[in-house]
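# all I have is the shape, not the residue letters:
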């Protein structure tokens, strides 16, 4: 039988009382995959594409690879992670990004849920030294509450009117923790 991801409420109801000896081995497997088995990842490895970034936040559109996932839809065409059915809960969100950008430009990366700002951000400033671009790093580790069909995206903006952003390596991942 297939293991089924369930909501926290459904698991608590399922396992509330075993006085009738009605908890099956499948119920326990469902509980395990529900507690520890909801995750998804987008990533970039050795990226060479760039995106023009402005002072208006826009979806970071450079995600090229779908990583491991279970209970989360990883969508490289819409650059988002979508929480699946029964995926309601609190998620740990990780963004780790290495990039090269326009000299002196500040880049702000923001977690958005369903396109709406969450206030959870990371930033980095591109550096030019001796006529060479240096890779910069930005990271974010935070938590967000999400329900089924919520989409999570990374938006990016710059303090310059127009600044190219080349992401060399990045990971954007979610894992349900509660």
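The structure has been received and is ready for your questions. What you see is a predicted model, and the numbers here were worked out from it, not measured in a lab.
# low-confidence regions, this protein specifically.
Within the chain, the segments meeting pLDDT under 70 span 34, 36, 128-134.
# switch to 90 and redo it
Residues of the chain meeting the criterion pLDDT under 90: 1-38, 48, 70, 85-89, 101-105, 123-137, 177-178.
# in it, which helix is the longest?
Secondary structure of the chain per DSSP state H: the longest helix is helix 25-36.
# downstream of it, the next helix or strand is which one?
strand 39-44 (DSSP states H and E).
# centre of the chain to the following helix or strand past that next one, how far?
Going down the chain from strand 39-44, the next helix or strand is strand 50-53, by DSSP H and E. The chain centroid and the centroid of strand 50-53 are separated by 20 Å, computed with C-alpha atoms, centre = their mean, to the nearest Å.
# tell me what the following helix or strand past strand 50-53 is packed against?
Going down the chain from strand 50-53, the next helix or strand is strand 58-59, by DSSP H and E. Secondary-structure packing of strand 58-59 (3 or more C-beta pairs under 8 Å, 6 or more residues apart in numbering; DSSP states H and E): strand 151-158. For every residue, glycine as well, the C-beta is placed using N, CA and C.
# can you list contacts of the strand it packs on?
By C-beta atoms under 8 Å, 6 or more residues apart in numbering, the surrounding residues in contact with strand 151-158 are 51, 53-60, 75, 78-83, 91, 93, 95, 101-102, 105-115, 117, 144, 146, 165, 172, 174.
# adjacent strands (with direction) for it?
Paired strands of strand 151-158, with direction, are strand 58-59 (antiparallel), strand 80-83 (antiparallel), strand 106-113 (antiparallel) (DSSP bridges).
# got the angle for that strand vs strand 39-44?
Interaxial angle of strand 151-158 relative to strand 39-44 (axes from the mean of the first three to the mean of the last three C-alpha atoms, to 10 degrees): 30 degrees.
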